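J.: Build me a structure from this.
(chains A and B)
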Amino acid sequence: MLGLNKKDTTLLIIVVIMTMFAPFILNPFPETSQLAQFNAGYPDLMQRFVIFGIFAIGFNILFGLTGYLSFGHAAFLGVGSYAGVWMMKLLTMNVIPAILMSMIVAGLFSILVGYISLRRSGIYFSILTLAFAQMSFSLAYSVLTPITNGETGLQLALDDPRILGVSQVAGSIPPASLFGLAMRDSYEMTLGGWAFTFNVGYYLCAVVMIVAFYIAIRIFRSPFGLMLKAVKSNQQRLNYTGVNSKPYTFAAFVISGMYAGLAGGLMVAMDPLAGAERMQWTASGEVVLMTILGGAGTLFGPVLGAGFIKYFENIFSKINDTILHQWFAALPDGIEDTLVFLIHPFIGKGWHLTLGIVFMLVVIFLPGGIMEGIRRIVDLFKRRSPKDEVSGGAVPSAKAAE
Amino acid sequence: MEILKVEGVNKSFGGLKALNEVNLSVEQGNVHAIIGPNGAGKSTLLNCFVGRLTPDTGTVTFMGKNLIGIKPHEINQAGVSRVFQTPEIFGDLSILDNVVIPALASSDGSFTFNAWRGVRKRAEIQEKAESILEDIGLAEKKDVLAASLSRGDKRRLELAMCLVQDPKLVLLDEPTAGMSRADTNNTIDLLKRIGERGITKIVIEHDMHVVFSLANKVSVLAQGTVIVEGKPEDIKGDPRVQEAYLGGAHI
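T.: Below is the predicted model of the structure:
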């Protein structure tokens, strides 16, 4: 289907189902239950899941396929965000021009950064991209203040021209919309004790992510994608095989820069403002973590990694001591206090600690990320069936690695 | 017809003169062996053909095209393919992909932005790759990761990667180094079969058994200069060769 083989079609269908039914899947607990705080099915977080999913899918095209580790990809996301907000200030509140302009500007910026950074490989490439990102971050705060509005961040104003739309509606800024459908509109549905929210903005992001994911599958399975994998495997050999590896890595860099720009544009479409902190090196590091945690070089891993980290960031950080006391209320006071004291560093503001531990465990025990974990579980079940006993797992198969 | 011409090539590394006025002429369809004691400059010479090293002076022309100062991928696109001394393969890709990559390189050129149509849908590439694997005896393992192959199989894979490109000239750098007797004989058979395709080959080799069963012309390199050139049977008895190799002992 759609030019994909059976396995990839299945994967795409899974992604479609997961994103379309996310408001249900992410809200498994009834409103009133103790566990409701683990529900992630609210629009703001769901939007983040898919937007960072797109960011990670694009990053994976560069890092997962070619092995070139960029430490400055957040710069493209930030540049894309600024471009998006400017489109909304100058042109219209329709999100389409904003998103397109985000991709174009991020693409142009990645052409510049890629052209220079790709003169080196390995750690030097990473340092060059990091330098570019930090440079953009600092410039956004200083010299470029007229464009970026410095520390305040770029925001919409009532007197923006918006030449294709209106500057204001009844004294307020019009909402970001897609041909009249406001991004912030939601439809609430209550089923028994459960409440589900279907948000227009989320569904726009979800559809864009499905398209982005489909394009990524095509790239992975194309001759171009194969050459990128060969760059990671043995770049020198590739050059002696008659392939000029430079334009391949360059194209991969620009494509992943445009994915980052797309993510930035969607962020703006959901919430029309842009700040320099989006370009900081921690933001670049985050997408590296997402990709490695999920499984670099796998198709679906980066999306999982993005979801995992965003879930941690938003849900784990919400748990505080009061909630812990509620959980352990049944226990004797002494034990309750000790448990709360022990868990305290890992929750709330300490969620980074938990994430760090999980990340270390994954890198040490599952170097292929969450996807490797899933594959091992699948293999465990497969090995039980007698048919596979003969061929066994003795010979590492390249198919499993995909 | 002359396919490769080397004229007056010099190459020094610091004070060491690795190649000294090397002249060499390789005829189309020949298997041309370059032999010589360790440090004679054989690998240096080969590296000058593939763009890894640039000679200080002199010219290397391949079918009338200058090979000096152009990039490795351009040399390959011109029709010169190289098999490395230690097998160089794409370890974390499947055996089939290892052969598909060079096949794509020769059909699509050194860069094509073909990011949409699946590589498995390129029937002509897949068929070519699979038929070469069939030929070389690796067809059954085509989905296995290349890194898991034995050393001998890796060499065979590298040969397949080279042959799938239909090169005009193949450079073999010690194709049997580190192989057992049986593997060596298998490789010789394989190379002989390849010979039937009429591809010109330059072989660098220590093993005289390999040289004399494959080559129809031999150049002996010693201290960076070609000292003798001729048919294998003439070389065998030449006192200068024995002198250079073993200080006079019989080969």
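J.: Contacts only, for the residue nearest to residue B:136 when sequence neighbours are not counted.
T.: Leaving out its chain neighbours, the residue that sits closest to residue B:136 by Cβ to Cβ, 6 or more residues apart in numbering or on different chains is residue B:160, at 4.6 Å. Just so you know, the C-beta spots here come from the backbone N, C-alpha and C atoms, and that holds for glycine as well. Residues near residue B:160 by Cβ atoms under 8 Å, 6 or more residues apart in numbering or on different chains: B:98, B:99, B:132, B:133, B:135, B:136, B:138.
J.: and residue B:160, what pLDDT?
T.: Looking at residue B:160, its pLDDT stands at 91.
J.: Just confirm it is within a helix.
T.: Yes - Residue B:160: assigned to a helix according to DSSP: H, G, I helix; E, B strand; the rest coil.
J.: And it, how far from chain A?
T.: 12 Å (Cβ to the nearest Cβ, to the nearest Å).
J.: how close does that residue sit to residue A:344?
T.: According to Cβ to Cβ, to the nearest Å, residue B:160 stands 61 Å off from residue A:344.
J.: likewise residue A:167?
T.: As for residue A:167, its distance to residue A:344 is 50 Å (criterion: Cβ to Cβ).
J.: now swap in residue A:173 and tell me
T.: The gap separating residue A:173 from residue A:344 is 42 Å, by Cβ to Cβ.
J.: can you map out the helices along chain B?
T.: For chain B, the helices defined by DSSP state H cover B:42-49, B:72-78, B:95-108, B:123-136, B:151-163, B:181-195, B:208-214, B:232-237, B:239-246.
J.: An error on my part: the question was meant for the stretch 251-400 of chain A.
T.: Remark: helices assigned in the stretch 251-400 of chain A by DSSP state H, counting those that start in this stretch are A:281-294, A:301-315, A:321-327, A:333-343, A:351-365, A:369-384, A:398-401.
J.: Which of these sits closest to chain B?
T.: Using Cβ to the nearest Cβ as the measure, helix A:398-401 is the one of the helices of the stretch 251-400 of chain A that comes nearest chain B, at 3.2 Å.
J.: what does the stretch 101-250 of chain A have sitting close to chain B?
T.: With the criterion set to Cβ under 8 Å from any Cβ of the partner chain, the stretch 101-250 of chain A comes near chain B through A:218-219, A:221-227, A:229-230, A:232-234, A:236-245, A:247-248.
J.: that older thread, farthest-apart pair in the contacts of residue B:160, please.
T.: Farthest apart among the contacts of residue B:160 by Cβ to Cβ are B:98 and B:135. That separation is 14.7 Å.
J.: Please, where are all the strands along the stretch 51-200 of chain A?
T.: For the stretch 51-200 of chain A, the strands defined by DSSP state E, counting those that start in this stretch cover A:154-155, A:177-178, A:181-182, A:186-191, A:194-199.
J.: Name the surrounding residues that touch the first one.
T.: Just to be clear, that refers to strand A:154-155. A:81, A:82, A:85, A:86, A:147, A:148, A:149, A:272, A:273, A:274, A:275.
J.: Can I get the strands of the stretch 51-200 of chain A in a markdown table including mean pLDDT and distance to residue B:53?
T.: Formatted as a markdown table, the strands of the stretch 51-200 of chain A follow (pLDDT from 0 to 100; distance: least, Cβ to Cβ, whole Å):
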| stretch | mean pLDDT | distance to residue B:53 |
| --- | --- | --- |
| strand A:154-155 | 94 | 53 |
| strand A:177-178 | 92 | 59 |
| strand A:181-182 | 91 | 64 |
| strand A:186-191 | 91 | 66 |
| strand A:194-199 | 92 | 62 |
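J.: Export these as JSON lines, with columns for mean neighbour count.
T.: Listed next are the strands of the stretch 51-200 of chain A as JSON lines, based on neighbours: other Cβ atoms under 10 Å in any protein chain shown:
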{"stretch": "strand A:154-155", "mean neighbour count": "18"}
{"stretch": "strand A:177-178", "mean neighbour count": "18"}
{"stretch": "strand A:181-182", "mean neighbour count": "14"}
{"stretch": "strand A:186-191", "mean neighbour count": "11"}
{"stretch": "strand A:194-199", "mean neighbour count": "18"}
